[in-house]
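Asks: Dropping a prediction and its sequence here:
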Amino acid sequence: MFKWFKKKPPPDPNAPAFWKAYLESVAAAPYHKKTPVEEIGFVVFDTETTGLDVQEDQILSIGAVRVKNWQLSVEDRLECYIHQEYHPDGKTVAVHGILPGEKGHSIAESEGVRRFLAFAGGDVLVAHHAAFDIAMLNAAIGSAGGGKLQNTVLDTGVLARRAARNPQMARPGAFGLDHLCDIYRIPQSDRHTAPGDAYITALLLLKLLYRLQKRGVDTLGALRSAPGMGL
Amino acid sequence: MENIIPRRIYDFLKAYPPFSLLPDDLLLQVSQRVLVQYYQPRQEIFHQGDQPGTHIFIVREGAVQLYRETEAEEFLVEQCDEGDVFGIRPMLAEETYALTARAAEETLLYAINIEGFREVMEAHPQVAFYLASNYAAGVGQKYKTANPSQLFLDRSDRAVEHFALMEVQSLERSKPPVTCPPETTIQEAALIMSAQEVGSIIVVNPSDHPVGIMTDKDLRHKVATGKMGLGAPISDIMSSPVITMPSTVTVADVQMEMVKNRINHICLTEDGTPDSRVAGVLSEHDLMVMQGNNPAILIREIRRCKAVEALRDIRDRAEQLLKKYIFQEVSIAFISTVMTEINDEIIIRCIELAEEALASEGQQRPQAKYCWLALGSEGRGEQLLRTDQDNALVFEDVPEDAYERTKAYYLDFAGRVTRLLNEVGFEYCPADMMASNPSWCLSLSEWKQQFSTWIRKPEPKAVMFCTIFFDFRSIHGDRSLSSALTTHIFEALDDQEIFLVYLGKNALQNPPPLTFFRNFVVESSGAHKDEFDIKARAMMPLADAARLLVLHARVGMINNTFRRFERLAELEPQNRELYEQAADAYEILMRYRALQGLKKQNSGRYFNPSDLTKMERINLRNCFRPIKELQSLLNTRFRLALLS
């Protein structure tokens, strides 16, 4: 916790209220290196975007569930769909099936960002190939007047590599979500919707946590360590 | 697009009872509140004696084992796999957990909070009933006996029986209607009727709605008598309006309508009124043909039968009747009474045919009377499908000089009867337990001697014979011979009570399996098998136990296993509940065996758990517990442990 204080920029008095509230909840989060796995709140999330370009593309939906003490509650989840004015080349539409600008239950991006931050608070963020989703969220938060995400972030792709017996032997694509779902027998009925992928990733996280815990990776610090360092 | 995650839960739950019994919107609400829980292999979910929790559990992935712990050891009571519900004790009783639940492998559970689910149960009693029956099996305490047959029947037994007697069969066999427009001449109509070989013609308007009917009787009374010319339009003589009924009516409905209106034909229309299209026509004769598979008619036909081929045909039709009863979920008590009656009549008819053949060959029947005995399942009156025949013959004691001749005659006679039965479809007994075997065609004193020997020297083989021969039932001939045998057996038992201990040991030879798991039969040892022998593993243990207990109580003349249990329940009120459960279990097992046999066209004895639906597996598994409790009762009562 001390480490986070040191890194944190001084609070900006002009920051929007949602961002201040978020920073407070991050500061209040009880996590430290020795926090046992059972006590960590993991916010497992996924975003669906108009494309893979962090600069150009935008978020269409966010799904998140919270995993704590080996369980997740269906009630404690976030499913939101964002209304984007931006029209991309249409390539990703085929993958996720959400047309940009599709109305219905969709909300503004800034509202989506606020809901996500309120849901996540200071919990540990988990996503598959997290760097991209984090970058997308940071861009959206920035547009809404906030800063960069402060949470500890874990990547199930990295955890899966650590849980594997012979990561060096793995073939390309071995740590993709599809392939991991096959290995860990997770049914993939709603792939390519943000909530569906967030749920699948949460189940994957549970199975990975068990395998890592058996090898002594049982604290937040150990989960964050790079392979070969904390094991 | 909303609610993607609850939808995933919903999609899983809706495939499994009791959730499958809930309306969609309600199930979606339940799914919104589910907890998804992860358990490691061997991790405990709850412990025996714990205070009841706030959730019930459904296995989403993996397996959960339920154990009962005693001071010395723990027993595996149940193994739950995907879709199984467990830990519902907090839902139903304010008691602590009776079992310990542990994940057998990596397991995901859906946990449902009982707050809120209670209201669901109240609004949907079928859910509560399902859980109650499941709970009875899973926890293995006392059973809910209030309405045991509801496990199988959704109506009360009595009502079903009543319907069966009324012959409620849907009239899927009404003939395609022969019709003509009203301006058709009587002669043209008569020509159509002869060409189509029908006794009636429906007069229809251009929309095919019935406006009248002309029958053979109209032709006889109004045309042949000269009252009406052949060239007159049919509308002049047709009966109108037509009595119509919907095509979904039953035989009983049609009969009532015919009697009420004093008519012999009923016109079936699409919606049952004369203002819809004609769907078919039924005559009184059609009804009689349809009712050919009525037990009373079958029995009458058996009695009139002159040739064995026709008997086989009748028995095939009886099988159709059986099929109908099984699918209509008529009570097994009723079905077995009917089928036993039919089987008995066939045996009697074969006996008579054999006697006639012997007489026509000039063979003189000996002075000594005889009695034909059915053994095994037919002796118990439980043979629904044709399995192999088990029978014996007892004849009166005769002077020594007449013995050879008498025995030779009855052996010849029995050989003919068993041959005829074989032709009807009751196959020869592979172990030759038939009256045609010289060892089982004996005089009364020889039989008494035989039973005394078995009782005095209960070697394994003798005990095996007893399990078949003790269920003898007289079918034909002099019944005083069979009752003399019963009396003798009871007297012999009085001197040799230890014999029952041997029978008891035999009755415990085949404990039922623990449960079904996925597509396997799980043994108490934990071993998995893919084939289930319903006869050896569930029915025989019950039949053996019932026989032993009635012999012990000296109750004669009741052979049927579930009736034996019913009688035992009266005799031993302290064990009433168990005996009633055993009787129910036996009926359920008989039904499954018949169902499997009809499905696979065999004896129905062996089948794979994958042939059963989840619900069927649960029903079947629920039968195992009374068997186990009964076996432990036998163990105590006859002190069998000392023998082993």
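Replies: Perfect, thanks for sending it.

Asks: What ranges does the stretch 301-450 of chain B have for its helices?
Replies: B:308-327, B:332-360, B:376-379, B:400-424, B:444-456 (DSSP state H, counting those that start in this stretch).

Asks: what's the fourth one packed up against?
Replies: The one in question is helix B:400-424. Contacts defined by 3 or more CB pairs under 8 Å, 6 or more residues apart in numbering or on different chains; DSSP states H and E place helix B:400-424 against helix B:308-327, helix B:332-360, strand B:391-395, strand B:441-443. The way it works is simple: take the backbone N, C-alpha and C, and place the C-beta from them, glycine included.

Asks: Of the ones you listed, which is nearest chain A?
Replies: Checking those against chain A by CB to the nearest CB gives helix B:308-327 as the closest, at 35.1 Å.

Asks: got the angle for the closest one vs helix B:332-360?
Replies: Relative orientation of helix B:308-327 and helix B:332-360, computed by axes from the mean of the first three to the mean of the last three CA atoms, to 10 degrees: 180 degrees.

Asks: Mean pLDDT and mean neighbour count for the helices of the stretch 301-450 of chain B - can I get that in a markdown table?
Replies: Output for the helices of the stretch 301-450 of chain B, formatted as a markdown table (pLDDT from 0 to 100; neighbours: other CB atoms under 10 Å in any protein chain shown):
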| stretch | mean pLDDT | mean neighbour count |
| --- | --- | --- |
| helix B:308-327 | 85 | 18 |
| helix B:332-360 | 91 | 19 |
| helix B:376-379 | 92 | 24 |
| helix B:400-424 | 95 | 18 |
| helix B:444-456 | 94 | 18 |
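
Asks: Measure how buried the residue in the stretch 351-500 of chain B that chain A sits nearest to is and give me the count.
Replies: Nearest residue of the stretch 351-500 of chain B to chain A, counting by CB to the nearest CB: B:L385, 41.2 Å away. For B:L385, the count of nearby residues is 19 (other CB atoms under 10 Å in any protein chain shown).

Asks: Just send the helices and strands packed on helix B:400-424 back as JSON lines, with distance to B:S632 too.
Replies: Formatted as JSON lines, those follow (distance: least, CB to CB, whole Å):
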{"stretch": "helix B:308-327", "distance to B:S632": "32"}
{"stretch": "helix B:332-360", "distance to B:S632": "26"}
{"stretch": "strand B:391-395", "distance to B:S632": "33"}
{"stretch": "strand B:441-443", "distance to B:S632": "38"}
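
Asks: Figure out which of the ones you listed is closest to A:N14.
Replies: Nearest to A:N14 among the helices and strands packed on helix B:400-424 is helix B:308-327 (77.4 Å), distances taken as CB to CB.

Asks: Would you mind pulling the contact partners of that closest one?
Replies: B:164, B:169, B:292-295, B:298, B:301-302, B:305, B:334-335, B:338-339, B:342, B:346, B:349-350, B:353, B:384-386, B:420, B:423-425, B:591, B:594-595, B:598 (CB atoms under 8 Å, 6 or more residues apart in numbering or on different chains).

Asks: can you check stretch B:623-632 too?
Replies: Contact partners of stretch B:623-632, identified using CB under 8 Å, 6+ apart, comprise B:136-137, B:140, B:143, B:507-508, B:511-515, B:538, B:541-542, B:545, B:578, B:581-582, B:584-585, B:588-589.

Asks: Please flag which of the residues you listed sit within helices.
Replies: B:136-137, B:507, B:541-542, B:545, B:578, B:581-582, B:584-585, B:588-589 (DSSP state H).

Asks: ok, of these, which one's closest to B:Y403?
Replies: Nearest to B:Y403 out of those is B:A507 (CB to CB; 36.7 Å).

Asks: neighbours around the closest one, how many?
Replies: 27.

Asks: who's in contact with the closest residue to it other than its chain neighbours?
Replies: Spatial nearest neighbour of B:A507, chain neighbours left out: B:D544 (3.7 Å); criterion: CB to CB, 6 or more residues apart in numbering or on different chains. The neighbourhood of B:D544, defined by CB under 8 Å, 6+ apart, consists of B:467, B:503, B:506-507.

Asks: Need the pLDDT of B:N134.
Replies: Note for B:N134: predicted pLDDT of 56.

Asks: Contact residues of chain A facing chain B?
Replies: By CB under 8 Å from any CB of the partner chain, the residues of chain A that approach chain B are A:63, A:65, A:70-75, A:77, A:79, A:81, A:98, A:104-105, A:185, A:189-190, A:193, A:195-196, A:198-199, A:202-203, A:206-207, A:210.

Asks: and chain B, what are its domains?
Replies: Listed by automatic domain parsing, the domain ranges of chain B are B:4-139, B:179-292, B:294-496, B:502-643.

Asks: Take stretch B:602-611, keep the C-alpha atoms, and write them as CSV.
Replies: Once non-C-alpha atoms are left out, stretch B:602-611 reads as follows in CSV (Å, rounded to 0.1, in the frame of the first residue of the first chain):
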residue,chain,number,x,y,z
ASN,B,602,-36.1,-58.4,-24.9
SER,B,603,-36.6,-59.5,-21.2
GLY,B,604,-35.6,-56.0,-20.1
ARG,B,605,-33.2,-57.4,-17.6
TYR,B,606,-30.0,-55.6,-18.6
PHE,B,607,-29.7,-52.0,-19.5
ASN,B,608,-27.3,-49.2,-19.5
PRO,B,609,-27.9,-46.2,-17.3
SER,B,610,-27.5,-44.0,-20.4
ASP,B,611,-30.8,-45.5,-21.6
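
Asks: who's in contact with that stretch?
Replies: In contact with stretch B:602-611 (CB under 8 Å, 6+ apart) are residues B:385, B:387, B:516, B:518-521, B:530-535, B:592-600, B:617.

Asks: The top helix by length along chain A - contacts with which helices or strands?
Replies: Counting residues, the longest helix in chain A under DSSP H turns out to be helix A:194-214. With contacts taken as 3+ CB pairs under 8 Å, 6+ apart, helix A:194-214 sits against strand A:42-49, strand A:59-68, strand A:71-81, strand A:124-127, helix A:156-163, helix A:177-183, helix B:4-13, strand B:35-39.

Asks: please redo it, this time with the cut-off set to 6 Å
Replies: Under the contact definition 3 or more CB pairs under 6 Å, 6 or more residues apart in numbering or on different chains; DSSP states H and E, helix A:194-214 sits against strand A:42-49, strand A:59-68, helix A:156-163, helix B:4-13.

Asks: Pull up the residues of the stretch 201-350 of chain B that are close to chain A.
Replies: Contact residues (CB under 6 Å from any CB of the partner chain) of the stretch 201-350 of chain B with chain A: there are none.

Asks: Low-confidence stretches in the stretch 201-350 of chain B?
Replies: For the stretch 201-350 of chain B, applying pLDDT under 70 flags the ranges B:251-252, B:256, B:285, B:287-293, B:328.

Asks: and the helices and strands packed on helix A:194-214 as CSV, adding distance to B:T100?
Replies: What follows is the helices and strands packed on helix A:194-214, written out as CSV (distance: least, CB to CB, whole Å):
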stretch, distance to B:T100
strand A:42-49, 29
strand A:59-68, 25
helix A:156-163, 30
helix B:4-13, 25
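
Asks: Let's have the ones you listed in JSON lines, adding mean neighbour count.
Replies: Shown next, in JSON lines, are these (neighbours: other CB atoms under 10 Å in any protein chain shown):
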{"stretch": "strand A:42-49", "mean neighbour count": "26"}
{"stretch": "strand A:59-68", "mean neighbour count": "25"}
{"stretch": "helix A:156-163", "mean neighbour count": "22"}
{"stretch": "helix B:4-13", "mean neighbour count": "21"}
